[in-house]
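S.K.: Fold the following and give me the result.
(chains A, B, C and D)
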Protein chains: 2
Amino acid sequence: MDQLSLTFHALSDPTRRAILMRLASGDATVNELAEPFDLRLPTVSKHLKVLQEASLVSQTREAQRRHCHLEAKALKEVADWVWSYRTHWEESFDRLNAFLGDIEAAGKASKN
Amino acid sequence: MDQLSLTFHALSDPTRRAILMRLASGDATVNELAEPFDLRLPTVSKHLKVLQEASLVSQTREAQRRHCHLEAKALKEVADWVWSYRTHWEESFDRLNAFLGDIEAAGKASKN
DNA sequence: TTCTTATTTTACCGATCAGCTAATTAGCCA
DNA sequence: TGGCTAATTAGCTGATCGGTAAAATAAGAA
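M.R.: Below is the predicted model:
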């Protein structure tokens, strides 16, 4: 599978996005990451595996503990991909603005 | 399912991303979209349904034809989400720069 | 009305997904 | 060694996925 598909798939799960958000505030062990969820440890472990395969998270070992770290580079690749569509949402924004402009103009015209 | 999960899931398939890229260059019918792929029409039709449920594509009917249109607003929501992690990839960029700076400094020092 | 074109719906298949429990690995400590 | 803690692996389930063929729907054309 290509990198972008792996990344988008990893991000398509709310639990995995929550894990990323948690890691944005600092590294954490698997147990710490699992704590806020109503999920068994193997489930969280599996989610972490998906995030690692998408290069969104890395782990370093210290004794039995695994310290998980957010790898933002993969997120930047998503940002770059989606950014290439920027002109399209700016276009619709322009069309909306033009439409609202027309309404305003019509409103002013009706007052004269 | 929440909007972001729908959108990320829709984007996790390369065929669907290719469809979006094609639509970025202009509206197209279902048959036109299917043409470059080695896929049956129902398959493409299903992909389009996923994209529509994620609000990434809209359709308007003209006779039998369905004209598909890229809806970039959903992409902007992805951009906004991923943009909130900006500081993290800038951080690692800074760390890389600092590292390269150190190497450069060490190189210059060794020449003296 | 029948034919053709455009597209969706239905029903099926094998693969993958997210969750679970139970068992296993790995490393610390007594 | 044996036990405790941290985490993964193995194996199961039901749901969803991406693909198919075949049938149904919709609307213009003959």
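
S.K.: hmm, who's touching stretch A:55-72?
M.R.: Defining contact as C-beta atoms under 8 Å, 6 or more residues apart in numbering or on different chains, one finds that stretch A:55-72 is touched by A:3, A:6-7, A:10-11, A:19-20, A:23-24, A:27-30, A:33, A:48, A:51-52, A:73-75, B:85, B:88-89, B:91-92. Where C-beta positions appear, they are placed from N, C-alpha and C, glycine not excepted.

S.K.: Got a quick ChimeraX command for the buried subset of these?
M.R.: Typed into ChimeraX, the next command selects the buried ones out of these (criterion: 16 or more other C-beta atoms under 10 Å in any protein chain shown):
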select /A:6,7,10,11,19,20,23,27,28,30,33,48,51,74,75 /B:85,88,89
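
S.K.: Also within reach of DNA strand D: list those from the contacts of stretch A:55-72.
M.R.: Counting by C-beta under 7 Å from any atom of the strand, A:29-30, A:48 from the contacts of stretch A:55-72 sit close to DNA strand D.

S.K.: Give me the subset of the contacts of stretch A:55-72 that lies in strands.
M.R.: A:28-29 (DSSP state E).

S.K.: out of the contacts of stretch A:55-72, which are inside helices?
M.R.: By the criterion of DSSP state H, membership of the contacts of stretch A:55-72 in helices covers A:3, A:6-7, A:10-11, A:19-20, A:23-24, A:30, A:33, A:48, A:51-52, A:73-75, B:88-89, B:91-92.

S.K.: and stretch A:33-53, does that touch chain B?
M.R.: No. Judged by C-beta under 8 Å from any C-beta of the partner chain, stretch A:33-53 stays clear of chain B, getting no closer than 11.4 Å.

S.K.: avg pLDDT for that stretch?
M.R.: Per-residue pLDDT over stretch A:33-53 has a mean of 98.

S.K.: Return the residues of chain A in contact with DNA strand D.
M.R.: A:29-32, A:41-42, A:44-46, A:48-49, A:59, A:64-66.

S.K.: Most neighbours out of those, which is it?
M.R.: A:Leu48 (21 neighbours; other C-beta atoms under 10 Å in any protein chain shown).

S.K.: Contacts only, for it.
M.R.: A:19, A:30, A:33, A:57, A:59, A:68.

S.K.: For the residues you listed, give me a markdown table that also has distance to A:Asp80.
M.R.: Formatted as a markdown table, those follow (distance: C-beta to C-beta, whole Å):
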| residue | distance to A:Asp80 |
| --- | --- |
| A:Ile19 | 23 |
| A:Val30 | 30 |
| A:Leu33 | 27 |
| A:Val57 | 19 |
| A:Gln59 | 25 |
| A:Cys68 | 24 |
